[in-house]
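Colleague: quick one: sequence plus predicted model below, questions after.
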Amino acid sequence: MATKKSNETMLQVNPTAKERYLKLKDKREKFVDRAQECSELTISSLIPTDGFNSSTKLYNPFQSVGARGVNNLASKLLLLLLPPNSPFFRLAVSGKTKEELEQNKELKSEKILFSSLNK
């Protein structure tokens with residue numbers, strides 16, 4: 001026999017995104033601190049320190065080796081994820097829709113006409 005859960009139990013089982021974010025803040029803090037320190041030596045504006053606003057001065061490391069390294073790694077990752085010689089996505093008709101299109105003679109004639117115009 002199923003029992004009804006109270007609202008308090010449901011809140012504990014399914015916390016909101018804000019509650020979960022605040023709960024995991026301590027676990028995330030060490031990684032954010034390390035990222036801010038590394039960002040300060042490479043590209044300061046990537047992960048600024050807490051309390052940053054448009055009038056805050058960012059640290060300038062007076063050398064570009066770190067920034068060049070970050071940009072190089074970012075471009076390599078981009079080429080790995082989205083290769084320039086392959087399509088970003090492919091449109092294809094499949095299943096029941098494809099069968100319906102093949103059976104409809106009017107659409108078939110339009111397809112032949114369209115393919116001859118593209119040549």
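Modeller: Thanks, I have the structure now. Numbers count the residues shown, from 1 in each chain.
Colleague: give me the secondary structure label for residue 60.
Modeller: Secondary structure assignment for residue 60 (DSSP: H, G, I helix; E, B strand; the rest coil): coil.
Colleague: name the helix or strand for the closest residue to it other than its chain neighbours, please.
Modeller: Residue nearest to residue 60 in three dimensions, not counting chain neighbours: residue 44, with 7.2 Å by Cβ to Cβ, 6 or more residues apart in numbering. In this view, the C-beta of every residue, glycine as well, is placed from N, C-alpha and C. Residue 44 belongs to no helix or strand when assigned by DSSP states H and E.
Colleague: distance of residue 44 relative to residue 102?
Modeller: Going from residue 44 to residue 102 by Cβ to Cβ, to the nearest Å gives 59 Å.
Colleague: quick one: neighbours of residue 71, just the number.
Modeller: When neighbours are defined as other Cβ atoms under 10 Å, residue 71 has 13 of them.
Colleague: and the residue nearest in space to the middle of the chain, what's its pLDDT?
Modeller: Per Cα atoms, centre = their mean, the C-alpha nearest to the average position across the chain is that of residue 81, at 11.5 Å. The per-residue pLDDT reported for residue 81 equals 91.
Colleague: and what of residue 108?
Modeller: The model reports residue 108 with a pLDDT of 61.
Colleague: excluding its backbone neighbours, what's nearest residue 58?
Modeller: In space, and not counting its chain neighbours, residue 58 is closest to residue 44: 3.9 Å by Cβ to Cβ, 6+ apart.
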